[in-house]
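Visitor: Need a 3D model of the following:
(chains A and B)
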Amino acid sequence: MDIVLQQLVNGLTLGSVYGLIAIGYTMVYGIIGMINFAHGDVYMVSAYITAIAIALLTFFGIESFPIILIGTLFLTVAVTGAYGWVIERIAYRPLRNSSRLAVLISAIGMSLILQNYVQLSQGANQQGVPTLLTGAMRIEVGDGFVQITYMKLLILFISLLGMGVLTYVIQKTKLGRMCRATQQDRKMASILGIDTDKVISTVFVIGAMMAALAGVLVTLDYGAFDFYVGFIIGIKAFTAAVLGGIGSLPGAMLGGLILGLSEALFAGLISSDYKDVFSFSLLVLILVFRPSGLLGKPEVEKV
Amino acid sequence: MSQAIGIDLKKSSVDALIAGLLALILFGPIVGVLLDGYGFKTEFDRVAWIVAIVAFGRFMLSCFLQTEKGIALVHRFARSDDGAIVLPPGHKSKMVWVIPLVIVIGLLVPFIASKYVLTVVILGLIYVLLGLGLNIVVGLAGLLDLGFVGFYAIGAYGLALGYENLGLGFWSMLPIAAIMAAVAGAILGFPVLRMHGDYLAIVTLGFGEIIRLVLINWSSFTHGPNGVSAPLPTFFGLEFKRRSSDGQTFHEFFNLPYDSGYKYMFIYLILFLVVLAVLFIKHRLVKMPIGRAWEALREDEIACRSLGLNHVLVKLSAFTIGASTGGLAGVFFATYQGFVNPSSFTFFESALILAIVVLGGMGSTLGVVIAAFCLTVLPEILREFAEYRVLMFGILMVVMMVWKPRGIVRVTRTGFASRKGASK
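Guide: Sure, this is the predicted structure:
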């Protein structure tokens, strides 16, 4: 019983992280219909920037955790957002009118570039950050107990906050209206005076920023990372996006939570060796049986 | 337009400044601050160089794009890409004599080349095989398969595990592995081929990763990350070892001094013949109705289906034929290395094979052969740049897609002439 509860807690935090990254996939897919294959690597870049920001801030003598956290979040989100913009500008915008295959291959190329660029500049070794926030709450359950570290609470809090802010921006602001209009019909939106290229860039920046949020949180919690971490977590976040219905923002968050919970339960109860296999198989099964996901609209092919 | 085209230096300078600033933001932290434990070292000179190069490059590009040539270039990019070169009906190539020449040179290679060169060429040929297989799937049928390495792994592990568990040697496993990979292709392909192009890419990627993860984790059968050893091919039952436990070895039978190079020569010769056979089969397939159907499906699926093509069967045939070629390549890879482990079958390998197909020109056989040799042999020659290999692949993939989405070698095909008397 306590194992199940413990895994539920772990799965919830894991799932909120998947949800944050899935937002980048789902928004980009919704707006230009491409899978941003390099998105996982944007997350990886943000993990490195997190570590660098922490190292810099501690070097300048800042000891208090809240200031380090806010400074790191600010730096990482800003720099990673710039990465998102530049990637779209270099690798995707020139291909706006090409076949989907060409864009996808370009995205794979971008993913290889990011991985190798980070490996070349930072070395292939695993890197890490010091543990900054320790301590946990314990809740007695029957004979055992469930442990919730403060870091996990922080992850939940910040990722829910991020998702809330994003939902507000998309639903209530002018920028969000432009995004939704472009998503519904790009040509019509541009006829009505929306600079769709700018909107697409904005979506990439938002996606990268959300991935950066996830990057900071996971790196602070988990500590270790290398230049290859983006690959697996990217595919899982993509699974989450597909599970929720790709193109749908609440779907990405829901899909993230469901994937995180089911993966944690699978790892806790059945086998942790095969948890990645479980996620990939889940992805394959969803795509085969319900490609429109839980909250997505079925795609109609038009001539 | 008699108006002289002036270069607006102010605009170029602003462009350069913005590019430099962006480069500083992007490269500043990652390149400039080297993580070292929980501390860091600074490498500001590297950042300064990169920023200077980016800003200068942007300045020159901005100036160039304002000249007449630059404007022409922008217009060329704005135009959509054009398809294959169509030759007049009844066209006979004057280059036919090249084929026997290449075959003769190919057969002579093992007797001239040193052992090192031979091993590099074998690796090149394995990638030619892989490229040809994926070219059917991606280039001809237009199905982006990111898990091609899965079939490669099935072939390689098929040989190693078939030998270990069933005592099957190279010659019996060569066809069996091809069939196994084809069956795996069909099993994977049947449910997924009805889905959308991008989803197919992700599902196949997932499949490739599942195979690798199973190979790592199912240690009782696959020996996990430690790998399995694979047998060498035999020459009519003669082994290429120094000493054989049963029967004679190759060098004893022919009264030759022992040389470890013989086995590479033999592998090379079989591989060369297999590659020739695959090339020939592929050449014929493209001209057969099935090949035409693949290409038609790539260009417009809805049109094909409305003309009565069974799209699942057509795609499935491309998928299984491509997969079986991947399986063959796997067998050769295993016997050439003498050993297989899961680290040879990562996603990077799939991306490399994809890069071969993309660079060579989708659907072009010649292009794939050239690209396979370039991408495998060049890294061997440029050993000192080995770490930049992946970076180069990535840049090449992006640049090729932006610049020439159809690859370096354009596909040519002979046009049709309507029959005499047929109504027009």
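Visitor: I figured residue B:190 hits residue B:317, correct?
Guide: No - assessed by C-beta atoms under 8 Å, residue B:190 is found out of contact with residue B:317, at 11.8 Å. Yep, even glycine has a C-beta here, placed from its N, CA and C like the rest.
Visitor: Between those two, which has more neighbouring residues?
Guide: For the pair residue B:190 and residue B:317, the greater number of neighbours falls to residue B:317 (20 against 15), based on other C-beta atoms under 10 Å in any protein chain shown.
Visitor: Please report phi then psi for that one.
Guide: Backbone geometry at residue B:317, expressed as degrees, to the nearest 10, gives phi -60, psi -40.
Visitor: excluding its backbone neighbours, what's nearest it?
Guide: residue B:290 (6.0 Å; C-beta to C-beta, 6 or more residues apart in numbering or on different chains).
Visitor: Next: residue B:138.
Guide: Residue B:138's closest residue in space is residue B:357 (C-beta to C-beta, 6+ apart), at 5.2 Å.
Visitor: The helix or strand where the one you found lies: what's the following helix or strand?
Guide: Counting by DSSP states H and E, the element that carries residue B:357 is helix B:347-360. Next along the chain after helix B:347-360, taking DSSP H and E as the criterion, comes helix B:365-381.
Visitor: What residues of the following helix or strand past that following helix count as buried?
Guide: Next helix or strand after helix B:365-381 toward the C-terminus (DSSP H and E): helix B:389-403. For helix B:389-403, burial by neighbour count (16 or more other C-beta atoms under 10 Å in any protein chain shown) applies to B:389-398, B:400-402.
Visitor: The residue nearest to residue B:65 when sequence neighbours are not counted: neighbour count?
Guide: In space, residue B:65 comes closest to residue B:74 once its chain neighbours are excluded; the distance is 6.3 Å by C-beta to C-beta, 6+ apart. Using other C-beta under 10 Å, residue B:74 has 10 neighbouring residues.
Visitor: just residue A:185 next, same as before
Guide: Neighbours around residue A:185, by other C-beta under 10 Å: 11.
Visitor: so which strand or helix has residue A:145?
Guide: Using DSSP H and E, the element containing residue A:145 is strand A:144-149.
Visitor: tilt between whichever helix or strand comes after that strand and strand A:144-149?
Guide: Where DSSP H and E defines the elements, the next helix or strand beyond strand A:144-149 is helix A:150-172. Helix A:150-172 runs at 60 degrees relative to strand A:144-149, counting by axes from the mean of the first three to the mean of the last three C-alpha atoms, to 10 degrees.
Visitor: State the mean pLDDT of the next helix or strand along the chain from helix A:150-172.
Guide: Sequence order places helix A:174-184 as the next helix or strand after helix A:150-172, per DSSP H and E. Here helix A:174-184 scores 87 as its mean pLDDT.
Visitor: cool, and stretch A:281-292?
Guide: pLDDT averaged over stretch A:281-292 gives 78.
Visitor: Just checking it against chain B, any contact.
Guide: Yes - against chain B, stretch A:281-292 shows contacts by C-beta under 8 Å from any C-beta of the partner chain at A:281, A:283, A:284, A:287, A:288, A:291.
Visitor: roughly how far is that stretch from the heart of the chain?
Guide: Centroid displacement of stretch A:281-292 relative to its chain, using C-alpha atoms, centre = their mean, to the nearest Å, is 20 Å.
Visitor: Please give me every residue in contact with residue A:210.
Guide: A:20, A:21, A:23, A:24, A:162, A:166 (C-beta atoms under 8 Å, 6 or more residues apart in numbering or on different chains).
Visitor: so which pair among the residues you listed is furthest apart in space?
Guide: For the contacts of residue A:210, the farthest-apart pair by C-beta to C-beta is A:21 and A:166; their separation is 12.8 Å.
Visitor: neighbour-wise, which of those two wins?
Guide: Taking other C-beta under 10 Å, residue A:21 and residue A:166 do not tie; residue A:21 has more neighbours (32 against 20).
Visitor: Okay, buried residues for the host helix or strand of the more buried one please.
Guide: Assigned by DSSP H and E, residue A:21 falls within helix A:2-32. Residues of helix A:2-32 classed as buried: A:5-32 (neighbour count, 16+ other C-beta under 10 Å).
Visitor: so can I have a markdown table of the residues of stretch A:281-292 next to chain B showing secondary structure?
Guide: As requested, those are arranged in a markdown table below (DSSP: H, G, I helix; E, B strand; the rest coil):
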| residue | secondary structure |
| --- | --- |
| A:281 | helix |
| A:283 | helix |
| A:284 | helix |
| A:287 | helix |
| A:288 | helix |
| A:291 | coil |
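Visitor: Using the three-state scheme, assign the closest residue to residue B:401 other than its chain neighbours.
Guide: Nearest in space to residue B:401, with sequence neighbours left out and distances taken as C-beta to C-beta, 6+ apart, is residue A:106 at 4.1 Å. Following three-state DSSP, residue A:106 is assigned to helix.
Visitor: neighbours around residue A:106, how many?
Guide: So residue A:106, with other C-beta under 10 Å, has 28 neighbours.
Visitor: Likewise for residue A:121?
Guide: Counted with other C-beta under 10 Å, residues neighbouring residue A:121 total 20.
Visitor: In the stretch 201-303 of chain A, what residue lies closest to chain B?
Guide: For the stretch 201-303 of chain A, the residue closest to chain B is residue A:280, as judged by C-beta to the nearest C-beta, at 4.0 Å.
Visitor: what sits against that residue?
Guide: A:235, A:239, B:206, B:207, B:209, B:210, B:213.
Visitor: go with 6 Å
Guide: Residue A:280 is in contact with B:206, B:209, B:210, counting by C-beta atoms under 6 Å, 6 or more residues apart in numbering or on different chains.
Visitor: Could you measure from it over to residue A:121?
Guide: 30 Å (C-beta to C-beta, to the nearest Å).
Visitor: Tell me the pLDDT of the residue nearest to residue B:349 when sequence neighbours are not counted.
Guide: Leaving aside its chain neighbours, residue B:349 sits nearest to residue B:149 (4.4 Å; criterion: C-beta to C-beta, 6+ apart). With respect to pLDDT, residue B:149 scores 91.
Visitor: what do you get for residue A:35?
Guide: pLDDT, residue A:35: 83.
Visitor: again, but for residue B:237
Guide: pLDDT, read off for residue B:237, is 64.
Visitor: How about residues contacting the helix holding residue B:357?
Guide: A:105, A:108, B:130-131, B:134-135, B:138-139, B:146, B:148-149, B:208, B:367-368, B:371-372, B:375, B:393, B:397, B:400, B:407.
Visitor: so that helix versus helix B:389-403, what angle?
Guide: Using the same axes, to 10 degrees: helix B:347-360 against helix B:389-403 is 40 degrees.
Visitor: any idea how far helix B:347-360 is from the chain center?
Guide: On C-alpha atoms, centre = their mean, the centre of helix B:347-360 falls 4 Å from the chain's centre.
Visitor: Alpha carbons of it, as PDB, please.
Guide: In PDB, the C-alpha atoms belonging to helix B:347-360 read as follows (Å, rounded to 0.1, in the frame of the first residue of the first chain):
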ATOM      1  CA  PHE B 347      19.300   5.900 -32.400                       C
ATOM      2  CA  PHE B 348      22.400   7.600 -33.800                       C
ATOM      3  CA  GLU B 349      22.900   4.700 -36.100                       C
ATOM      4  CA  SER B 350      19.400   5.100 -37.500                       C
ATOM      5  CA  ALA B 351      20.100   8.800 -37.900                       C
ATOM      6  CA  LEU B 352      23.400   8.000 -39.800                       C
ATOM      7  CA  ILE B 353      21.600   5.700 -42.200                       C
ATOM      8  CA  LEU B 354      18.900   8.400 -42.700                       C
ATOM      9  CA  ALA B 355      21.700  10.900 -43.300                       C
ATOM     10  CA  ILE B 356      23.000   8.600 -46.000                       C
ATOM     11  CA  VAL B 357      19.700   8.400 -47.800                       C
ATOM     12  CA  VAL B 358      19.000  12.100 -47.400                       C
ATOM     13  CA  LEU B 359      22.400  13.300 -48.600                       C
ATOM     14  CA  GLY B 360      22.500  10.800 -51.500                       C
END
